[in-house]
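Colleague: Fold the stuff below for me.
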Amino acid sequence: MTRSSQRDFPLEVQLNVDGSAGLFADVAYRWVDELSAAIIGPERAALAALPARSRLVRDLAEPLGPEGALFGLVEVWRAREGRPPRVTRRSLSDEGLAWLRKELVGDFPARVDVEVGNLDETGQRSGDRFSASIRSVEYSPGWLTLSATLPVSRFTGSGGSLIQRRWLAAVRTLADDLNPGFGQISYYLSDGSTAFEHAAPRSRHWQERDPEYNIGASRQRLRGYSWLTILAQELADRLGGAQALERTGVFAEVRQLAKGGVWLLATEDFCDYGMEGVEKAFDVLAPVLPGGQPWLRKTRDGQPLLVPARAPDEVRRAGDGVV
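Modeller: Numbers count the residues shown, from 1 in each chain. Here you go, the predicted structure:
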């Protein structure tokens, strides 16, 4: 990726975790509290004293406050049979986080969203500072998707290298404790797919092309790979473990996560990640990827699709990897 004239596509940070990560209430709370504190510490401090039911989180026709005012919003979504979900909002403040902790205990919600930004010229919310989500995966019972999005310009613009390091450090601290089935930092695709899933051959069974099902199988087959990839421990073991992956020389950083999983960073700087790095990673990871010739169709919004035009089967036939 270059620092120059590319569109400001969103990036997604994504972790898939199951019950081995601990109680979902604790996992979800940590994702909201610790990630936001690490990434937007000054904003969190500025929001801390707001009441949980601040005017800034209400939906009103009139302005919510002056242009530029900082807001932090936490939404809890609960499914209701035959009716739209019930959505409850509070501030991302000390009071609001205490409320969230209670909401996560017992009947775990279908979704939690966090948005931090500033009011626009009309006095309405415009979230552009921090965005994160926790979602129960409907067709992979017992799994959560933890995610966050940010514009790629945060990584490629002035000071981008420092911002990359801040995100990597925050995600690694959490991933160390969560034994992820999968993780990545990649271009955001609207259905939560990896680039490799988006390019899945049409001949593959539809459930194996759908992230909703693949998340539950992420300890059996790799969902994809990108600038940052987190391998399930089960898949890393099939590839010889963290030391064997480091010896390939393909990755700028290989780390064994404390409670399971292996962290693979393709390049030190996101701006240096391109098809050369994709091809090298593909050759190493092919033994744990689903087979079939990729279908390199365009993404809906034109995001770069960094997937080799080769089938993992070709690499497996040429090498000695296990499937």
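Colleague: where along the stretch 201-323 of the chain do the strands fall?
Modeller: Secondary structure of the stretch 201-323 of the chain by DSSP state E, counting those that start in this stretch: the strands cover 228-231, 253-256, 262-265.
Colleague: What is the second one packed up against?
Modeller: Spelled out, that is strand 253-256. Here strand 253-256 touches helix 241-247, strand 262-265, going by 3 or more C-beta pairs under 8 Å, 6 or more residues apart in numbering; DSSP states H and E. No exception for glycine: its C-beta is placed from N, CA and C like everyone else's.
Colleague: hmm, 10 Å instead?
Modeller: Helices and strands touching strand 253-256, as assessed by 3 or more C-beta pairs under 10 Å, 6 or more residues apart in numbering; DSSP states H and E, comprise helix 160-178, strand 228-231, helix 233-238, helix 241-247, strand 262-265.
Colleague: check contacts around W99.
Modeller: Applying C-beta atoms under 10 Å, 6 or more residues apart in numbering to W99 gives the contacts A52, R53, V74, V76, T88, R90, S91, S93.
Colleague: Equivalent analysis for F282, please.
Modeller: The contact partners of F282, by C-beta under 10 Å, 6+ apart, come to F196, Y225, V250, M275, L289, L306, V307, P308, R310, P312, V315.
Colleague: mind checking how far the third one is from E276?
Modeller: When you say that, I think you mean V250. Here the distance between V250 and E276 works out to 10 Å (C-beta to C-beta, to the nearest Å).
Colleague: shared neighbours of the two, anything?
Modeller: Common contacts of V250 and E276 (C-beta under 10 Å, 6+ apart): A266.
Colleague: which of those two has more neighbours?
Modeller: Using other C-beta atoms under 10 Å, the more surrounded residue of V250 and E276 is V250, with 18 against 11.
Colleague: which non-adjacent residue is nearest that one?
Modeller: With C-beta to C-beta, 6 or more residues apart in numbering as the criterion, V250 has its nearest non-adjacent residue at 4.5 Å, and that residue is K280.
Colleague: And for Q184?
Modeller: Spatial nearest neighbour of Q184, chain neighbours left out: S226 (4.7 Å); criterion: C-beta to C-beta, 6+ apart.
Colleague: Report pLDDT for that neighbour.
Modeller: For S226, the pLDDT comes out at 95.
Colleague: What's the local residue count around it?
Modeller: Neighbours around S226, by other C-beta under 10 Å: 24.
Colleague: could we number from 427 for the rest of this?
Modeller: All set: I'll call the first residue 427, so the last point we hit is now S652.
Colleague: any idea how far it is from E438?
Modeller: According to C-beta to C-beta, S652 stands 9 Å off from E438.
Colleague: before we move on, what about D444?
Modeller: Distance, D444 to E438, by C-beta to C-beta: 20 Å.
Colleague: what does A463 give?
Modeller: 20 Å.
Colleague: who has more neighbours, the two?
Modeller: Taking neighbours as other C-beta under 10 Å, A463 and E438 compare with E438 leading, 20 against 13.
Colleague: List the contacts of P730.
Modeller: Taking C-beta under 10 Å, 6+ apart, one finds M427, Q432, R433, F435, V578, S612, Y613, A621, G700, M701 in contact with P730.
Colleague: Sort out which of those residues are in strands and list them.
Modeller: Those of those mapping onto strands are S612, Y613, per DSSP state E.
Colleague: What subset of the contacts of P730 is buried?
Modeller: Buried members of the contacts of P730, counted by 16 or more other C-beta atoms under 10 Å: M427, F435, V578, S612, Y613, A621.
Colleague: Would you check which pair of those residues lies furthest apart?
Modeller: V578 and A621 (14.2 Å; C-beta to C-beta).
Colleague: From S566, how far off is the closest residue to A707 other than its chain neighbours?
Modeller: Closest residue in space to A707, ignoring its immediate chain neighbours: Y651 at 5.2 Å, by C-beta to C-beta, 6+ apart. According to C-beta to C-beta, Y651 stands 19 Å off from S566.
Colleague: and the two? which has more neighbours close in?
Modeller: When Y651 and S566 are compared on other C-beta under 10 Å, the one with more neighbours turns out to be Y651, at 27 against 21.
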